[in-house]
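**Student:** Below is the sequence, then the predicted model.
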Number of protein chains: 2
Amino acid sequence: MTKGRDAEALADQLHSAAIHLLRQLRKEDDASGLSAPRLSALSVVVFGGPLTLGELARAEQVKPPTMTRIVTGLEKEGLVKRKGDLRDRRLTHIEATSKGHKVLTAGRARRVKKLANALSRLEKTELAELRRGVQLLRDVVASMRG
Amino acid sequence: MTKGRDAEALADQLHSAAIHLLRQLRKEDDASGLSAPRLSALSVVVFGGPLTLGELARAEQVKPPTMTRIVTGLEKEGLVKRKGDLRDRRLTHIEATSKGHKVLTAGRARRVKKLANALSRLEKTELAELRRGVQLLRDVVASMRG
DNA sequence: AAGATATCGTTAGCTGGGCTAACGATCTTC
DNA sequence: GAAGATCGTTAGCCCAGCTAACGATATCTT
């Protein structure tokens, strides 16, 4: 059947497009001076509120020892800080400092701006079509998790 | 203007979708037993024919010493081999072995299949819409290179 | 209440991948 | 033929991933 073959060709193009998109955007991230794992973890902390180290590790799909090191690095740069839990003293909560907020939002702004800039060259109707495509893509990605 | 704001929101969603898409697909790559840099380099060698180490380093946007190590790793696993150049004996050509071809195409098949599978759950019209979106995305990414 | 068990984060030690600096071998140029 | 450029490698650094093992703390059993 032709539908399956279409899906394969599209899958290939989509995969390639995603790779190239992220490769372009990563260049902007370099300006923050943070490595990708640190940037990603910081993002979760900033937007996801304070979390424990274990939660953060799970969110980043990484093992606890790895997250310990990432957090230690971020802490040394003054972007997050550790806080103990009074009820359960095994827990360590990680929260972003104001500097952490600033660095992250500045980086995100750079990145989004670059992409938004490219997007704004599109016609209004094209923008709508792309928006629809992105929505479908999100659904597809969500369905892959199962 | 509202168009700029729309572009920003879309940029954000697109960025996120691309990240999550690649994260899902990378799980399939793990089955190959190869790390991302090795897989990527192998892919260039397989599809881009024999290249020198320096060319490969540039293609992967990596410095020569890094590529030396990646190639050494691939060579130890029997996926590529080094070949000297008779005319210019400073050069080292890297070419894929048949095992290298097999491993790469098998991995690519797994990856594309997973994505194509998710895509094939879409309605025919949705598939067309997504295809249009991907086409636009490719144009957008291409325009960012400049 | 005490002892066994489970959970959380850290440390130790391994691999791999990124970099710069320095080097040996090899062309190329003068 | 000597000087300079180019190619790949080596050495040595840092970061990020993992597993195994541990100490501290909570929780469960009895």
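**Tutor:** It's in. Numbers count the residues shown, from 1 in each chain, chains lettered A, B, ... in the order given.
**Student:** longest helix of chain A?
**Tutor:** helix A:2-30 (DSSP state H).
**Student:** helices or strands next to that one in the packing?
**Tutor:** helix A:36-47, helix A:98-119, helix B:2-30, helix B:98-119, helix B:124-145 (3 or more Cβ pairs under 8 Å, 6 or more residues apart in numbering or on different chains; DSSP states H and E). C-beta here means a position set from N, CA and C on the backbone, and glycine is covered the same way.
**Student:** one more time with 7 Å
**Tutor:** The contact analysis (3 or more Cβ pairs under 7 Å, 6 or more residues apart in numbering or on different chains; DSSP states H and E) places helix A:2-30 against helix A:98-119, helix B:2-30, helix B:98-119, helix B:124-145.
**Student:** Which positions within stretch A:131-146 qualify as buried?
**Tutor:** A:Arg131, A:Gly133, A:Val134, A:Gln135, A:Leu136, A:Leu137, A:Arg138, A:Asp139, A:Val140, A:Val141, A:Met144 (16 or more other Cβ atoms under 10 Å in any protein chain shown).
**Student:** I'd like the mean pLDDT over the longest helix of chain A, please.
**Tutor:** The pLDDT scores in helix A:2-30 average 81.
**Student:** And stretch A:71-84, by the same measure?
**Tutor:** pLDDT averaged over stretch A:71-84 gives 96.
**Student:** if I read this right, A:Arg38 contacts A:Leu74, doesn't it?
**Tutor:** Yes. Here A:Arg38 reaches A:Leu74: they are 5.7 Å apart, a contact under Cβ atoms under 7 Å.
**Student:** higher neighbour count, the two?
**Tutor:** Between A:Arg38 and A:Leu74, counting by other Cβ atoms under 10 Å in any protein chain shown, A:Leu74 is the more crowded of the two (25 against 19).
**Student:** Helix, strand, or coil at that one?
**Tutor:** What DSSP: H, G, I helix; E, B strand; the rest coil gives for A:Leu74 is helix.
**Student:** next one: the one 4 residues further on
**Tutor:** Under the three-state scheme (three-state DSSP), A:Gly78 adopts coil.
**Student:** For my notes, confirm A:Arg121 occurs in a strand.
**Tutor:** No. Counting by three-state DSSP, A:Arg121 is not found in a strand; it is coil.
**Student:** ok, now how distant is the nearest residue to it once chain neighbours are set aside from DNA strand D?
**Tutor:** Leaving aside its sequence neighbours, A:Arg121 sits nearest to B:Ser143 (Cβ to Cβ, 6 or more residues apart in numbering or on different chains; 6.4 Å). When distance is defined by Cβ to the nearest atom of the strand, to the nearest Å, B:Ser143 is 30 Å away from DNA strand D.
**Student:** got a pLDDT number for the most centrally placed residue in chain A?
**Tutor:** Against the mean C-alpha coordinate of chain A, by Cα atoms, centre = their mean, the closest residue is A:Ser40 at 5.2 Å. Predicted confidence (pLDDT) for A:Ser40: 92.
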